[in-house]
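Asker: 3D model of this:
(2 chains)
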Amino acid sequence: MANEHEAANMAHDAGAVAAEAAGHAAESAGMPQLDFSTFGNQIFWLLVTLVVIYWVLSRIALPRIAAVLADRQGTIAGDLAAAEDYKLKAKDAEAAYEKALADARAQAQKIVGEARAEIQKELDVATAKADAEISARAAESEARITEIRAGALEAVEAVARDTAAEIVSALGGKADATALAEAVGARLKG
Amino acid sequence: MSEASGEGLMFHPMDQFIVKPLFGEGPVHWYTPTNASLWMVLGVVGIIMMLVVGTRGRAIVPSRGQSIAELAYGFIHKMVEDVAGKDGLKFFPYIFTLFLFIVFSNFLGLLPKAFTPTSHIAVTAVLAVLVFVTVTVVGFVKNGASFLSLFWVSSAPLALRPVLALIEVISYFVRPVSHSIRLAGNMMAGHAVIKVFAAFAPLILMSGIGIVVTPLSILAITAMYGLEILVAFIQAYVFTILTCVYLRDALHPHH
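Answerer: Numbering: from 1, shown residues only, chains lettered A, B, ... in the order given. You can find the predicted model right below:
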């Protein structure tokens, strides 16, 4: 309870202090901004200050900074141009390389073509030779087959004659060799 | 107790703005070196340090100091070019001068015990009137009488145009007032508020309630100080960009 009272007292004190202080402030509250006796002084020094700043800027600082910025711009532009130049050079080199590669490829193609043609020619010759040999062999074989076939026909005639003689004798006749041969020959031809 | 506190708690939030002679006492003549002139000169020194000493290397790859100078240059240069147009660039040194003066006096004024020249209406009014006169003269020199078409809103209905013209003329003449009071008011108010909070800070030495009030007031001072850093830059920026806008009106008055 006592404490509370003390606190209230303190608050009251603080309020009184603030009020008194505020009063004091109001007392001396003529705004220095409206003290016209200092205006001439401030304006004079302000104009001096502005003239000095303007002089320093326009004579020294701004030309210097503008020069530095232009210089940097120039350097950057120059570097970019150089880079562009190098890029072009690289492109040229790449084109040259590309061309050399294409040439080499064409050359290789040509060599391959030539080799192929040569091989083809040799192959053709060999094929022709083989063909000739084959046809010769075939002709030879054909001749032999014809010969064999002729032999076979002769043999068939002889067998037919013998068989006919046998049949005739088996039937009890007497076969005349000449007549038989004629009959068989007629039959075979027929 | 209240007597002791009355002595201890000092509420003089406006005392920081009093212009006094630097050396000794006495009346403030127009030439007297005062705290105002001291902080203006310190601003000039700061500007020279930043823009002249900082760029002395003229390096293609800039040092830190040179980067800051180039950044400030590029910031205002771009602002003038974007807002006022290419033909506004003739006024770039002038506008850059205004910006640098304001930004340096705003920031130097945030140092403890410092004086803020831009918190005085005498200073900001001169700056604003310089802009007003320059812009008006440029407007008439560049456009002749057709500069007056700035006040004749040709896109509005014909019946409204005389009324709008009256409003436009009034607003044209109010420009330097708002231009200067905005800057001075912002600087003054922020500093005064910090001072008021600061006056509460020593309460812990006199009264038990100070246990609560002192940390709060220190917190408030810190917060206000952070805000003031923002305001110091924004007000310089606003003043400069408004100058560019007025300049654009003078160069191209036709809406």
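Asker: right, and residue B:239 touches residue B:179 too?
Answerer: Yes - between residue B:239 and residue B:179 a contact is recorded at 6.9 Å, counting by CB atoms under 8 Å. Heads up, the C-betas are built off the backbone N, CA and C, glycines and all.
Asker: So between those two, which is more surrounded?
Answerer: Higher neighbour count among residue B:239 and residue B:179: residue B:239, with 26 against 21, using other CB atoms under 10 Å in any protein chain shown.
Asker: what separates the more buried one from residue B:92, distance-wise?
Answerer: Plainly put, residue B:239 is 15 Å away from residue B:92 if you go by CB to CB, to the nearest Å.
Asker: Setting the sequence-adjacent residues aside, check what's closest to residue 38.
Answerer: Using chain A here. Excluding its sequence neighbours, the residue lying closest to residue A:38 (CB to CB, 6 or more residues apart in numbering or on different chains) is residue B:19, at 4.0 Å.
Asker: other chain: chain B
Answerer: Once flanking residues are discounted, residue B:38 sits nearest to residue B:22: 5.8 Å by CB to CB, 6+ apart.
Asker: Tell me who's in contact with that neighbour.
Answerer: For residue B:22, the contact set (CB atoms under 8 Å, 6 or more residues apart in numbering or on different chains) comprises B:32-35, B:37-38.
Asker: Show me where chain A dips below the pLDDT cut-off.
Answerer: A:1-29, A:175, A:190 (pLDDT under 70).
Asker: What residues does the stretch 101-250 of chain B have near chain A?
Answerer: Neighbours of chain A within the stretch 101-250 of chain B, by CB under 8 Å from any CB of the partner chain: B:101, B:117, B:119-123, B:126-127, B:130, B:184, B:188, B:199, B:203, B:206-210, B:213.
Asker: again, only this time at 10 Å
Answerer: Within reach of chain A by CB under 10 Å from any CB of the partner chain, the stretch 101-250 of chain B has these residues: B:101, B:104-105, B:117-127, B:130, B:184-185, B:188, B:192, B:195-196, B:199-200, B:203, B:206-213.
Asker: how about the helices of chain B, start to end?
Answerer: Using DSSP state H, the helices of chain B run over residues B:2-8, B:35-48, B:64-79, B:92-108, B:121-143, B:161-200, B:210-251.
Asker: Could you dump the ones you listed into JSON lines with mean pLDDT added?
Answerer: Output for these, formatted as JSON lines (pLDDT from 0 to 100):
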{"stretch": "helix B:2-8", "mean pLDDT": "45"}
{"stretch": "helix B:35-48", "mean pLDDT": "95"}
{"stretch": "helix B:64-79", "mean pLDDT": "94"}
{"stretch": "helix B:92-108", "mean pLDDT": "96"}
{"stretch": "helix B:121-143", "mean pLDDT": "95"}
{"stretch": "helix B:161-200", "mean pLDDT": "93"}
{"stretch": "helix B:210-251", "mean pLDDT": "94"}
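Asker: most packed of the ones you listed?
Answerer: Ranked by mean neighbour count, the helices of chain B are led by helix B:92-108 with a mean of 24 (mean count of other CB atoms under 10 Å in any protein chain shown).
Asker: can you tell me which residues contact the closest residue to residue B:43 other than its chain neighbours?
Answerer: In this structure, residue B:43 finds its nearest non-sequential neighbour in residue B:104, 3.9 Å apart by CB to CB, 6+ apart. Shown in contact with residue B:104 (CB atoms under 10 Å, 6 or more residues apart in numbering or on different chains): A:49, A:53, B:39-40, B:42-47, B:49-50, B:117-118, B:232, B:236.
Asker: How about residue A:160?
Answerer: A:180-181, A:183-185, A:187-188.
Asker: Whichever strand or helix holds it: what's the following helix or strand?
Answerer: Assessed by DSSP states H and E, residue A:160 sits inside helix A:62-170. Where DSSP H and E defines the elements, the next helix or strand beyond helix A:62-170 is helix A:177-189.
Asker: ok, and for that next one, which residues are buried?
Answerer: A:180-181, A:183-184 (16 or more other CB atoms under 10 Å in any protein chain shown).
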